[in-house]
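Peer 1: I would like the atomic coordinates for the input below:
(chains A and B)
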Amino acid sequence: MKVERKCKVIAKEWLTRDAVSMTLDVGDMLYHARTVEGQSIYPGQFVHIKCGDGLLLRRPISVCFWEGDAAGGRIRIVFEVKGEGTSWLARCPVGHTVDVLGPLGNGFQTTPGPYLLVGGGIGVPPLYACACYTGCSSTAILGFRSKDRAILLNEFDSECIDVQIATDDGSLGYHGFVDALVRQELEKEHHYQGVLACGPRPMLKSVAKVAAEFGVPCQVSMEERMGCGVGACLVCAVAMKDGTVKHVCKDGPVFNAEEVDWDA
Amino acid sequence: MPDMSVKLAGVTLKNPVVVASGTFGFGREYSQFYDLSELGGICAKGLTLHPRNGNPAPRVAETPMGILNSVGLENPGVDAFIAEELPFLRQFDTKVIANISGNTPEEYGIMCEKLSAAGVDMIEVNISCPNVKAGGLAYGTRPELAAEVTEEAKKHANGVPVMVKLSPNVTDITEIAKAVEGAGADALSLINTIRGMRIDVNTRRPVLKMNTGGLSGPAVLPVAVRMVWEVSQAVSLPVLGMGGVSKGEDAAQLMLAGASAVAVGTALFADPFAPLKVRDGLADIAAKQGLSAVSELTGGVKPW
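Peer 2: Numbers count the residues shown, from 1 in each chain, chains lettered A, B, ... in the order given. The predicted model follows:
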């Protein structure tokens, strides 16, 4: 069940000059969210945060890590300061409370087994949840603009079998885009259950293309300007290959890559 | 506790707070937060005769105390609503108001036939959607076309009350109100969104893919109050007032200006519980003013 809770900021850290890590005490949110299987959140799901009183729309932010039980829970989010809402949130000091709606959306569907996790920029954090969830068996390919924008490298190192980095300017790891590393990895290894990807749409499109070439199922977490976050206002539309329209907040944010109309 | 029930076009609402069309889907999403029977009524997402995908994204932009949207009437069509959504809404003890948009007066008539046969409590005729090319706003800005659509809807609604939703994008809203009253409407709802635009100064692109959209939220409340006040003096039809309501005081303003009931829309996006908070705030105001019924607020403004 989705709930709205006032959540205390219990930790905050600037990871780069514009990426912030924040841990929230979400109280009984995880307990209310548990499914019949006893699962409270799936990697890829998001929380919808009210950023001050002057802004009428909440900001959707993917869950990077969660822990807790019936007695209480904590959620870690990592977000990029992009505009008024995220700047407000970044300024929110430890000890203050924020209004959080969640957990929302549909996350990545995984079965036991190794996955190839592919993240770009601020799309990287939800894949850390995937790394933990898939039991330290996965490989991560992470792309950033430059070395000083790289985030969560230690976390991925401890939860993945292998971590490969690409930067746009070559200041860290491979000089280029992640899809080249994905191709290289899929040529070498054939045991992946699937590719799980999150990042800018052009990156998702190229990763989906490579995965399809190798016949590996690919799930992508999409982004679109969002309103209600629960599927009522219909603003966050994504065109599907079959001519229908789906909504990032309710049907997604995770979609099977072959469903999406990448040329729309 | 004052009596919270109100009457709108002969339909009794248990309280004056309705949720606005297009902000509440068909109720399923918000039913996960509270019992929909708490609401006075539900204006369902706008329907068209055939399914529509709506406009390309981005469909939403934030503005000072407001939002712009350009959804463009995405909906599964009237038949799917009747088959799949109406039975769900009917489980709750609240009034169900279907909202319809047509490309021609005939389409409005066909939808009214279908909906009245299926059993809805009221039909809200949308002649004011700013986000579609055909029909929509064109009907809402010309008195003779507004009257034609109203007549056609009434003819086919088989006694189900017809409420016409007016556009604020006109020079004189009372002209349209009078035309619609003359054509037999049972109630009016106002205001729909105000056309607006936001530009990203770095990319020099409008934020919305459709370039322009409809403005809603607290920014439009004073416009709504003024228009409800003008319309209430010009016609004798009951009015469902809406536009930027996010607390009890906002709702009370619309009622004092002449509305019999109010709708909450955009406020839902920040707070799913907004309609219930508006209802409770309204009850507090009525109680503090010693009213025995909240309906006593309607038209109670004392203009200078």
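Peer 1: how about stretch B:190-204: buried residues?
Peer 2: Neighbour-count burial for stretch B:190-204, with 16 or more other CB atoms under 10 Å in any protein chain shown as criterion, is recorded at B:190, B:191, B:192, B:193, B:194, B:195, B:196, B:198. C-beta coordinates here come from the backbone N, C-alpha and C atoms, glycine included.
Peer 1: over to stretch A:84-91?
Peer 2: Result for stretch A:84-91 [16+ other CB under 10 Å]: buried residues A:85, A:86, A:88, A:89, A:90.
Peer 1: which one of those is nearest to residue B:78?
Peer 2: residue A:85 (36.9 Å; CB to CB).
Peer 1: residue A:156 contacts residue A:163, correct?
Peer 2: Yes: using CB atoms under 8 Å, residue A:156 makes contact with residue A:163 at a distance of 4.8 Å.
Peer 1: neighbour count for these two, which is higher?
Peer 2: residue A:156 (24 against 21; other CB atoms under 10 Å in any protein chain shown).
Peer 1: any chance you could map the helices in the chain?
Peer 2: Defaulting to chain A. Taking DSSP state H as the test, the helices found in chain A are A:29-33, A:84-91, A:125-133, A:153-159, A:178-188, A:201-213.
Peer 1: you looked at the wrong chain, it should be chain B
Peer 2: Taking DSSP H to define them, one finds helices in chain B at B:78-80, B:86-89, B:105-118, B:137-141, B:143-156, B:173-182, B:221-234, B:248-257, B:267-270, B:274-288.
Peer 1: closest to chain A out of these?
Peer 2: With CB to the nearest CB as the criterion, chain A lies closest to helix B:267-270 of the helices of chain B, at 4.7 Å.
Peer 1: verify the contact between residue B:275 and residue B:19 for me.
Peer 2: Yes: Residue B:275 lies in contact with residue B:19 (CB under 8 Å); the separation is 5.5 Å.
Peer 1: give me the common contacts of those two.
Peer 2: Listed contacts common to residue B:275 and residue B:19 are B:39, B:264, B:268; contacts here mean CB atoms under 8 Å, 6 or more residues apart in numbering or on different chains.
Peer 1: so which of these also contact chain A?
Peer 2: With CB under 8 Å from any CB of the partner chain as the criterion, the shared contacts of residue B:275 and residue B:19 include residue B:268 near chain A.
Peer 1: who wins on neighbours among the shared contacts of residue B:275 and residue B:19?
Peer 2: That'd be residue B:264 among these, by other CB under 10 Å, with 27 neighbours.
Peer 1: tell me the contacts of the residue positioned nearest the centre of chain A?
Peer 2: Centroid check for chain A by CA atoms, centre = their mean gives residue A:126 as the closest residue, at 2.9 Å. Contact analysis of residue A:126 by CB under 8 Å, 6+ apart lists A:43, A:44, A:46, A:62, A:63, A:64, A:119, A:198, A:221.
Peer 1: ok, which pair from these is furthest apart?
Peer 2: Farthest apart among the contacts of residue A:126 by CB to CB are A:46 and A:119. That separation is 15.0 Å.
Peer 1: can you check which residues contact both of residue A:156 and residue A:163?
Peer 2: Taking CB under 8 Å, 6+ apart as the contact rule, residue A:156 and residue A:163 both touch A:140, A:142.
Peer 1: nearest to chain B among the contacts of residue A:126?
Peer 2: Using CB to the nearest CB, the shortest approach to chain B within the contacts of residue A:126 belongs to residue A:46, at 15.1 Å.
Peer 1: neighbours around the closest one, how many?
Peer 2: For residue A:46, the number of neighbouring residues by other CB under 10 Å comes to 27.
Peer 1: which residues does it bridge with?
Peer 2: Residues in a beta bridge with residue A:46, per DSSP bridges, are residue A:62, residue A:104.
Peer 1: ok, it - contacts?
Peer 2: For residue A:46, the contact set (CB under 8 Å, 6+ apart) comprises A:60, A:61, A:62, A:63, A:102, A:103, A:104, A:105, A:126, A:229, A:253.
Peer 1: which residues does the residue lying closest to residue B:100 once chain neighbours are set aside contact?
Peer 2: Once flanking residues are discounted, residue B:100 sits nearest to residue B:111: 4.5 Å by CB to CB, 6 or more residues apart in numbering or on different chains. For residue B:111, the contact set (CB under 8 Å, 6+ apart) comprises B:47, B:48, B:49, B:78, B:100, B:102, B:123.
Peer 1: rerun that using 10 Å as the cut-off
Peer 2: B:47-49, B:77-79, B:81-82, B:98, B:100-102, B:123, B:125, B:153, B:156-157 (CB atoms under 10 Å, 6 or more residues apart in numbering or on different chains).
Peer 1: from these, list the buried ones, please.
Peer 2: B:47-49, B:78, B:81-82, B:98, B:100-102, B:123, B:125, B:153, B:156-157.
Peer 1: okay, and the beta partners of residue B:63?
Peer 2: Residue B:63 has the following beta-bridge partners by DSSP bridges: residue B:66.
Peer 1: around chain A, pick out the residues from the stretch 1-150 of chain B.
Peer 2: Residues of the stretch 1-150 of chain B lying close to chain A by CB under 10 Å from any CB of the partner chain are B:19, B:22-30, B:32-33, B:45, B:51-67, B:69-75.
Peer 1: go with 6 Å
Peer 2: Proximity of the stretch 1-150 of chain B to chain A (CB under 6 Å from any CB of the partner chain) is limited to residues B:23-25, B:29, B:32, B:53, B:57-60, B:62, B:67, B:69, B:71, B:74.
Peer 1: pass me the low-pLDDT residue ranges in the stretch 101-250 of chain B, would you?
Peer 2: Within the stretch 101-250 of chain B, the ranges that satisfy pLDDT under 70 run B:129-136.
Peer 1: ok and the residue in it nearest chain A?
Peer 2: residue B:217 (5.1 Å).
Peer 1: ok, how many other residues are close to that residue?
Peer 2: Counted with other CB under 10 Å, residues neighbouring residue B:217 total 25.
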